[in-house]
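Colleague: Provided below for reference: sequence and predicted model.
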Protein chains: 2
Amino acid sequence: MAGFEAATAVLPRPGAGEYAARLDPAWGIADKPNGGYLLAVLARAAVAAADGAHPHPLAVSAHYLRAPSAGDAVVTVEVLRTGRSASQVRARLDQGGHACVEALLTLGRLGTQTEPWYDDAPPVALPPEQDCPRMPVRPPGGQFDVHLMGVVEERLDPAVLGFAVGQPNGRAELRGWARLADGSDWDPLGLLVAVDALPPATFPLGSLGWVPTLELTAYVRSVPAPGPLRIRQQARLVQDGRVDEACDVWDSRGRLVAQATQLAGVRVPERPPTG
Amino acid sequence: MAGFEAATAVLPRPGAGEYAARLDPAWGIADKPNGGYLLAVLARAAVAAADGAHPHPLAVSAHYLRAPSAGDAVVTVEVLRTGRSASQVRARLDQGGHACVEALLTLGRLGTQTEPWYDDAPPVALPPEQDCPRMPVRPPGGQFDVHLMGVVEERLDPAVLGFAVGQPNGRAELRGWARLADGSDWDPLGLLVAVDALPPATFPLGSLGWVPTLELTAYVRSVPAPGPLRIRQQARLVQDGRVDEACDVWDSRGRLVAQATQLAGVRVPERPPTG
């Protein structure tokens, strides 16, 4: 079993709709699992509960209550409705008796070869992969490890990387390539990690603080083709301690395969964005 | 009590966390309540259950299971967590013993006078209100009434209205002005209607069919200033019978006050988009 499959595996428990999960420290930052990784764990349990009829997440919305730590957790799933083309499911992740993430999922079956009827989502332009620096597990001067960068090989466009050397460009957009570091291919569940794998789009604004996700919604549009993903993360409004981020993900054919939005908390410096 | 407040009123019932609602046919299409209006009813109950600590919806995600009809419904609310700055709530709307909409809400308190720290969301350009035709309750040649256009005074930019006269422009964007027809001002709950009040962004593609929402996520960013809203609705990918739509809403000061995405079902003609 490849790294991602093992890290998101769930095991049925005796209780109705209950699954055991073990949150893997490799898919997080310091000892906190990544929010997209938690979505993938929830989706794995939801697909199991829907009993194979609808193997793919189409739309997933999660509200984050408490950040769990790496280690044992329980996912409780309730199938709300099973239809012909979709199942709708509620899933919750608990740890130590505390609810950590609550999510709603619409599951279905994604096409692999479908042609778009209308496509106004051209892939983001990027330099070749080898010209984009790989994100390190321990950023220069960083206080903790971004373990996720060990299992996801992420290469950002040098044009957006000024923030890493104290020269933020003042534009809330990050973009780059992503592969699974163990060489396995992305799948629909993996895309739930991809939509939350880039650094916060507030970094190029000179705001380098932690950005805890309040809500994350992801739509998965196709089974991704083998090869690297292109990912773009953008923010539009930072206000009142909150920021919106929109993430688009294209596969190696240049198809939009996932899109997501999140609302996150943010602490900003008193001075306006630099750039 | 103004029209919108009355139409979204909820009354506590004896059961724990239960509220009675009466879905108003004025806020729908044919006999089906609008999806944004249903969100507002759910949010009204969620705010009541959170007991006034957090009076505004910050992030709302809903999955639509069955379209309810106008008439009596029950909203069941469970408060998942109450924190200092936010409460997180689950809410479900049932009618006739069937679950119709399940939603997760993060509630808080919006600023009224906050200045953005970073704002890359300029308001959509529109001709003056009086130069934009008001959307009728019964479209020319239509088979049913869009009652919502009676309570929301919606005026679309003539440049996007070709679809209404059989000349779709081939670009999946609609934009226009919106006021509450009874003259009352928009409030944060009303913005949940505004993000789902425009016709489908697929209409300018020559696809005039119904677009049932599967999932809708809305972020409310500010208490809107008095006056008309500017609304833009865009779609990017129509594929596999599904379309994404992104909606942005600005108040009369030109501030982004709400933003939303939805994933909806769509039936398209066999021929490619016209325009």
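Modeller: Thanks, I have the structure now.
Colleague: Nearest residue to the closest residue to chain B within the stretch 1-150 of chain A in space, please, no chain neighbours.
Modeller: With distances taken as CB to the nearest CB, the stretch 1-150 of chain A approaches chain B most closely at A:S61, which sits 3.3 Å away. Just so you know, the C-beta spots here come from the backbone N, C-alpha and C atoms, and that holds for glycine as well. Counting by CB to CB, 6 or more residues apart in numbering or on different chains, B:S61 is the residue found nearest to A:S61 once chain neighbours are left out, at 3.3 Å.
Colleague: Which residues does the one you found form beta bridges with?
Modeller: Each beta-bridge partner of B:S61 is listed here, defined by DSSP bridges: B:L104, B:T217.
Colleague: do the same with the one 10 residues further on
Modeller: Per DSSP bridges, residues listed as beta-bridge partners of B:G71: B:L23.
Colleague: The helix or strand hosting A:E153 packs against which elements?
Modeller: If you go by DSSP states H and E, A:E153 is part of strand A:152-156. Packing contacts for strand A:152-156, counted by 3 or more CB pairs under 8 Å, 6 or more residues apart in numbering or on different chains; DSSP states H and E, involve strand A:173-180.
Colleague: For the strand it packs on, which strands pair with it and how are they oriented?
Modeller: Using DSSP bridges, the strands paired with strand A:173-180 are strand A:152-156 (antiparallel), strand A:229-239 (antiparallel).
Colleague: Please pull up the helix or strand immediately following the longest one.
Modeller: Yep, that's strand A:229-239 we're talking about. Using DSSP H and E, the first helix or strand after strand A:229-239 is strand A:242-250.
Colleague: who touches that next one?
Modeller: Applying CB atoms under 8 Å, 6 or more residues apart in numbering or on different chains, the set of residues contacting strand A:242-250 from outside is A:121, A:123-124, A:191, A:194-196, A:198, A:200-202, A:211, A:214, A:229-237, A:256-266, B:58, B:219, B:221, B:259.
Colleague: just checking, which of the residues you listed belong to helices?
Modeller: A:191, A:194 (DSSP state H).
Colleague: Any idea how many residues pack against the residue of the stretch 1-150 of chain A closest to chain B?
Modeller: Number of residues near A:S61 (other CB atoms under 10 Å in any protein chain shown) recorded here: 29.
Colleague: wait, A:S87 sits on A:E78?
Modeller: No. A:S87 is not in contact with A:E78 according to CB atoms under 8 Å; the separation is 11.2 Å.
Colleague: more neighbours, these two?
Modeller: A:S87 (22 against 14).
Colleague: Tell me who's in contact with that one.
Modeller: When the contact criterion is CB under 8 Å, 6+ apart, the partners of A:S87 are A:50, A:53-54, A:79, A:81, A:106-108.
Colleague: same thing but 6 Å
Modeller: Counting by CB atoms under 6 Å, 6 or more residues apart in numbering or on different chains, A:S87 makes contact with A:50, A:54, A:107.
Colleague: Looking at strand pairing, list the partners for it.
Modeller: On DSSP bridges, the residues paired with A:S87 through beta bridges are A:T82, A:L107.
Colleague: Now A:P212: closest residue in space that isn't a chain neighbour?
Modeller: With CB to CB, 6+ apart as the measure, A:G265 is the residue that lies nearest to A:P212, at 4.9 Å, once sequence neighbours are left out.
Colleague: Check whether the one you found really touches A:W210, as I assumed.
Modeller: No. Because the distance of 8.5 Å does not satisfy CB atoms under 6 Å, A:G265 is recorded as not touching A:W210.
Colleague: which one of these two has more residues nearby?
Modeller: Neighbour totals were compared for A:G265 and A:W210, and A:G265 leads with 17 against 13 (other CB under 10 Å).
Colleague: Show me which parts of the strand holding A:E153 are buried, residue by residue.
Modeller: Of the residues in strand A:152-156, those buried by neighbour count under the rule 16 or more other CB atoms under 10 Å in any protein chain shown are A:152-156.
Colleague: ok, now stretch A:177-195?
Modeller: Applying a neighbour-count criterion of 16+ other CB under 10 Å, the buried positions in stretch A:177-195 are A:177-181, A:185-195.
Colleague: what distance separates the start and the end of it?
Modeller: When the termini of stretch A:177-195 are compared using CA to CA, to the nearest Å, they are 12 Å apart.
Colleague: if we can go back for a sec, could you provide the strands paired with strand A:173-180 in CSV, with additional columns for mean pLDDT?
Modeller: Supplementary listing: those in CSV, determined by pLDDT from 0 to 100:
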stretch, mean pLDDT
strand A:152-156, 98
strand A:229-239, 97
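Colleague: Switch those over to CSV; also include distance to A:P33.
Modeller: Converted to CSV, those look like this (distance: least, CB to CB, whole Å):
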stretch, distance to A:P33
strand A:152-156, 13
strand A:229-239, 19
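Colleague: closest to A:P116 out of these?
Modeller: Using CB to CB as the measure, strand A:229-239 is the one of those that comes nearest A:P116, at 16.4 Å.
Colleague: Run the angle between the closest one and strand B:242-250 for me.
Modeller: Taking axes from the mean of the first three to the mean of the last three CA atoms, to 10 degrees, strand A:229-239 and strand B:242-250 form an angle of 20 degrees between their directions.
Colleague: What lies in contact with strand A:229-239?
Modeller: For strand A:229-239, the external contacting residues (CB under 6 Å, 6+ apart) are A:123-124, A:126, A:172-175, A:178, A:186, A:194, A:198, A:201-202, A:243-250, B:114, B:116-121, B:256.
Colleague: Can you select the buried ones from those residues in PyMOL?
Modeller: Of the contacts of strand A:229-239, the buried ones can be selected in PyMOL as follows, counting by 16+ other CB under 10 Å:
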select buried, (chain A and resi 123+124+126+172+173+174+175+178+186+194+198+201+202+243+244+245+246+247+248+249+250) or (chain B and resi 116+117+118+120+121+256)
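Colleague: Report the contact partners of the residue nearest to A:Q262 when sequence neighbours are not counted.
Modeller: With CB to CB, 6+ apart as the criterion, A:Q262 has its nearest non-adjacent residue at 4.3 Å, and that residue is A:L216. If a contact means CB under 6 Å, 6+ apart, then A:L216 has A:35, A:62, A:262 as its contacts.
Colleague: Model confidence at the last one, what's the number?
Modeller: It refers to A:Q262. Predicted confidence (pLDDT) for A:Q262: 98.
Colleague: Return the set of residues that bridge with it.
Modeller: Beta-bridge pairing of A:Q262, defined through DSSP bridges, involves A:L216, A:E245.
Colleague: okay, A:T274: pLDDT?
Modeller: For A:T274, the pLDDT comes out at 63.
Colleague: Let me see the ranges of the helices in the stretch 1-150 of chain A.
Modeller: In the stretch 1-150 of chain A, the segments counted as helices under DSSP state H, counting those that start in this stretch are A:3-7, A:35-49, A:148-151.
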